[in-house]
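K.L.:
my questions concern the predicted model and sequence given below.
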Amino acid sequence: MSETPDTPPRRSGRGIKIALAVSLALNLLVAGLVGGAILGRPAPGEAPAIRTLGLGPFALALPREARDEVRDRIEADMADLRRNRAEIGRSLMAVRRALLSDPFDREAASRALGGSRDAAIALQAQGHGALLDTLEGMSPGERAEVAERMGRTLRRLARGDRGGS
């Protein structure tokens, strides 16, 4: 089919559109991570590791001393923490390289996303272990208080109320 003056020029292929959309999503992810790190800094004494390792409801449910204990346990192995965070960064850069390749290197992107997922799971497992160690050292009454606070937090989240207590 030939183009006439009334026919718009042929547009880019579907693959280019998908690559651009994924690139935009990754850029927004990185911007969100940076912005969250800058704007979402916890108050002094709050355990940032608890929130960043998939333990969000516990950041509100645990008493300050227990949050500090969990944070200290997590930070006791800073080498592991740094290694996994660096792996996530390297993986995102590898996905970016795959997006820029022509043709799109799906296998490289898949490997990179898998590496990022594995590092995120390792970070979460580190946080879960520290949390469980702290909970195990609590009395039944202390654990019941945490369970009550957690129930209030989860009810608030279920209602969509993300505000303070």
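P.N.:
Alright, I've got the coordinates. Residues are numbered from 1 along each chain as shown.
K.L.:
so what touches stretch 80-91?
P.N.:
The contact list for stretch 80-91, computed with CB atoms under 8 Å, 6 or more residues apart in numbering, reads 49, 74-75, 112-113, 115-116, 118-120, 122-123, 126. Every residue, glycine included, has its C-beta placed from N, CA and C.
K.L.:
quick one: which of the residues you listed is most hemmed in?
P.N.:
In terms of neighbours by other CB atoms under 10 Å, these top out with I74 at 24 neighbours.
K.L.:
just the helices from the protein, written as ranges.
P.N.:
Assigned helices in the chain, in chain order: 14-39, 48-52, 56-61, 64-75, 78-100, 106-136, 140-159 (criterion: DSSP state H).
K.L.:
in TSV, list the ones you listed along with mean pLDDT.
P.N.:
Below are the helices of the chain laid out as TSV (pLDDT from 0 to 100):
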stretch	mean pLDDT
helix 14-39	61
helix 48-52	61
helix 56-61	80
helix 64-75	88
helix 78-100	89
helix 106-136	91
helix 140-159	89
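K.L.:
closest one of the contacts of stretch 80-91 to L99?
P.N.:
Nearest to L99 out of those is A112 (CB to CB; 10.1 Å).
K.L.:
show me what contacts that closest one?
P.N.:
A112 sits next to S91, L92, A94, V95, A98 when contact means CB under 8 Å, 6+ apart.
K.L.:
what about the second one, distance to A86?
P.N.:
L92 sits 11 Å away from A86, going by CB to CB, to the nearest Å.
K.L.:
same check on the fourth one?
P.N.:
Shown here: V95 relative to A86, a distance of 15 Å by CB to CB.
K.L.:
those two: who's more crowded?
P.N.:
Legend: neighbour count by other CB under 10 Å for V95 and A86, higher for V95 (23 against 11).
K.L.:
hmm, that one is touching G114, no?
P.N.:
No - under the criterion of CB atoms under 8 Å, V95 is not in contact with G114, lying 10.5 Å apart.
K.L.:
which positions within stretch 77-89 qualify as buried?
P.N.:
Using 16 or more other CB atoms under 10 Å as the test for burial, stretch 77-89 gives L81, N84, E87, I88.
K.L.:
output stretch 111-122 as CSV, restricted to C-alpha atoms.
P.N.:
Presented in CSV, the C-alpha positions along stretch 111-122 are these (Å, rounded to 0.1, in the frame of the first residue of the first chain):
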residue,chain,number,x,y,z
ARG,A,111,18.1,-12.8,33.9
ALA,A,112,18.5,-9.3,35.3
LEU,A,113,15.0,-9.2,36.7
GLY,A,114,15.6,-12.6,38.2
GLY,A,115,18.7,-11.3,39.9
SER,A,116,16.8,-8.3,41.3
ARG,A,117,14.1,-10.6,42.5
ASP,A,118,16.5,-12.9,44.2
ALA,A,119,18.3,-10.0,45.9
ALA,A,120,15.0,-8.6,47.1
ILE,A,121,13.9,-12.0,48.5
ALA,A,122,17.3,-12.2,50.3
